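1. Sequence isn't available, so here's the structure alone:
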């Protein structure tokens, strides 16, 4: 029993629970299976409840919660590596590799509108783990670079370079799909 | 001409620095900036429709209500009125319904003693069950090898139970519990497979509601997600035995009673 008082619940709701949609988006960005994503959301809130005593009132509740998402997800990846379930080794190898040189799209906005939301999310899910998380936090949740650095445990400079590389890789993935759809090279 | 670095580009996108004059004069940098901004916007819009569904909100609300103390849970109207602000249209109906949620193979319609700690312990056990012994390095029935492996990974040798009476070791693995790396090992018993998870947290913090004395030691017992668990403090660590419901609390207690201090 965690033994949370009613006032704690009120505070939890005000500070943390309001960010449930952000947690869902993060889980969707990180997990490839819907059920796995829902499991991650639920576990995140269980942990958040349990650790709510460590939350400093007035600080960024969303960032605190997303850090729990990240840690829970990392734990799972590590666990999967330990017990030998499917882990994409290329994720690790690609993580710090610079993106391949790509030409700049001349009509980026128009081109991007040709992709469905699902295709864009799928392309993000194909990125290496830390790039995926960083880009999600920077571009989707629009957290400050400092917050992202704290959540991901790296320097602000690393967040900048990582998000730039991630965007380039995302573009590469989408460019491949665009070619398949006949949207480029005409 | 020196083009913008990736870091400068990122700062401009973030609005941390104003767009330098160079961007206006350099088509390469201008196009890069437009492209990166377009990707950023498209990514944002792709996720915009993603929202937590009612079922998920209800599930989390259920967890939170259960996490509240019994006194609070029973206090009735005040709490319920508050929850209604959470706008769960089905809450009243759902509260009366017996709802079973299967997530990652775990039954999460939890007992009153559900807690995040117990959920994590059960998950570790579930992962242990899902591993395939034949293909993993950590699979070993030899207590010495398991001790050695865990010592190299964790820095200490956990106690192992005296075997016999149809019990044997299956293997061990590392896991994360409350953000800490912990060790667990798996014991085959006539009543099913048991995970022994070794944590540094005191037993009383693990959410197990029942305490009892056995062999002059205090044990904690609980149930969560179709699993039984018993914990005991042994040396510096807490040993948690987790098994399916076929493994009774008595049996788990018996296994924990068989723990012997490792050889120095």
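-> Ah, there it is. Keep in mind it's a predicted model, so treat the numbers as computed, not measured. Residues are numbered from 1 along each chain as shown, chains lettered A, B, ... in the order given.
2. how does chain A divide up, domain by domain?
-> According to automatic domain parsing, chain A comprises the domains A:1-87, A:101-186.
3. Compare those and give me the one nearest residue B:246.
-> Relative to residue B:246, the nearest member of those by CB to CB is domain A:1-87, separated by 22.2 Å. For the C-beta atoms, the positions are set from N, CA and C on the backbone; glycine is no exception.
4. Quick check: buried residues in the helix or strand encompassing residue B:196?
-> Using DSSP states H and E, residue B:196 sits in strand B:192-199. Buried residues in strand B:192-199, counted by 16 or more other CB atoms under 10 Å in any protein chain shown: B:193-199.
5. Partner strands of it and their direction?
-> Note on strand B:192-199: by DSSP bridges, its sheet partners are strand B:180-189 (antiparallel), strand B:237-244 (antiparallel).
6. Beta-bridge partners for the closest residue to chain A within the stretch 151-264 of chain B, please?
-> Nearest to chain A, among the residues of the stretch 151-264 of chain B, is residue B:176, at 3.7 Å (CB to the nearest CB). Residue B:176 has the following beta-bridge partners by DSSP bridges: residue B:181.
7. residue nearest the centroid of chain A?
-> Residue closest to the average C-alpha location in chain A (CA atoms, centre = their mean): residue A:133, at 3.1 Å.
8. I'd say residue B:125 and residue B:195 touch.
-> Yes: counting by CB atoms under 8 Å, residue B:195 is a contact partner of residue B:125 at 4.1 Å.
9. intersection of neighbour lists for those two?
-> Shared contacts of residue B:125 and residue B:195 (CB atoms under 8 Å, 6 or more residues apart in numbering or on different chains): B:184, B:242-243.
10. that older thread, going by secondary structure, the residue nearest to the centre of chain A is in what exactly?
-> Assessed by DSSP H and E, residue A:133 sits inside helix A:129-135.
11. The following helix or strand past that helix and chain B, any residue contact?
-> Later in the chain than helix A:129-135, the nearest helix or strand by DSSP H and E is helix A:145-152. Yes: part of helix A:145-152 sits near chain B under the criterion CB under 8 Å from any CB of the partner chain, namely residue A:145.
12. what comes up buried for helix A:145-152?
-> Judged by neighbour count using 16+ other CB under 10 Å, the buried positions of helix A:145-152 are A:145, A:147-152.
13. Would you single out the least confident of the domains of chain A?
-> For these, the weakest mean pLDDT is recorded on domain A:1-87, namely a mean of 81.
14. could you show me where the helices are in chain A, in order?
-> Along chain A, the segments classed as helices by DSSP state H run A:6-15, A:20-30, A:34-50, A:61-83, A:89-94, A:108-112, A:117-125, A:129-135, A:145-152, A:156-180.
15. Please name whichever of the domains of chain A is nearest to residue B:247.
-> Between residue B:247 and the domains of chain A, the shortest gap by CB to CB is with domain A:1-87, which sits at 20.6 Å.
16. follow-up on the earlier one: for the residue nearest to the centre of chain A, give its distance to chain B.
-> Using CB to the nearest CB, to the nearest Å, residue A:133 is found at 13 Å from chain B.
17. could I get the buried residues of strand B:192-199 as CSV with pLDDT?
-> Listed next are these as CSV, based on pLDDT from 0 to 100:
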residue, pLDDT
B:193, 88
B:194, 92
B:195, 93
B:196, 94
B:197, 94
B:198, 93
B:199, 92
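18. Include distance to residue B:53 when you put those residues into TSV, please.
-> Shown next, in TSV, are the buried residues of strand B:192-199 (distance: CB to CB, whole Å):
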residue	distance to residue B:53
B:193	34
B:194	36
B:195	32
B:196	37
B:197	32
B:198	38
B:199	34
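19. tell me the two of those residues that are most distant?
-> Largest separation among those by CB to CB: B:193 and B:199, giving 19.2 Å.
20. In chain B, where is pLDDT below threshold?
-> B:1, B:66-115, B:131-137, B:225-226, B:263-264 (pLDDT under 70).
21. By residue count, what's the longest helix in it?
-> Criterion DSSP H: the longest helix present in chain B is helix B:27-47.
22. State the next helix or strand along the chain beyond that helix.
-> helix B:54-67.
23. Who are the packing partners of that following helix?
-> helix A:20-30, helix A:34-50, helix B:77-84, helix B:91-96 (3 or more CB pairs under 8 Å, 6 or more residues apart in numbering or on different chains; DSSP states H and E).
24. What residues of the second one count as buried?
-> Residues of helix A:34-50 classed as buried by neighbour count (16+ other CB under 10 Å): A:36-50.
25. packing partners for that helix?
-> Contacts defined by 3+ CB pairs under 8 Å, 6+ apart place helix A:34-50 against helix A:20-30, helix A:61-83, helix B:54-67, strand B:102-103, helix B:116-130.
26. Contacts only, for the most centrally placed residue in chain B.
-> In chain B, the centroid-proximal residue (CA atoms, centre = their mean) is residue B:120; its distance is 3.1 Å. Contacts for residue B:120 (CB under 8 Å, 6+ apart) come out as A:43, B:177-178.
27. ok, it to residue B:14 distance?
-> 36 Å (CB to CB, to the nearest Å).
28. Among the helices of chain A, single out whichever gets nearest to residue B:142.
-> In terms of CB to CB, the element of those nearest to residue B:142 is helix A:61-83, at 19.1 Å.
29. Quickly list what the spatially closest residue to residue B:234 that is not a sequence neighbour is bridged to.
-> Sequence neighbours aside, residue B:259 is the residue nearest to residue B:234 in space, at 5.3 Å (criterion: CB to CB, 6 or more residues apart in numbering or on different chains). Bridge pairing for residue B:259 (DSSP bridges) gives the partners residue B:161.
30. got a list of what residue B:259 touches?
-> If a contact means CB under 8 Å, 6+ apart, then residue B:259 has B:159-161, B:232, B:234, B:239 as its contacts.
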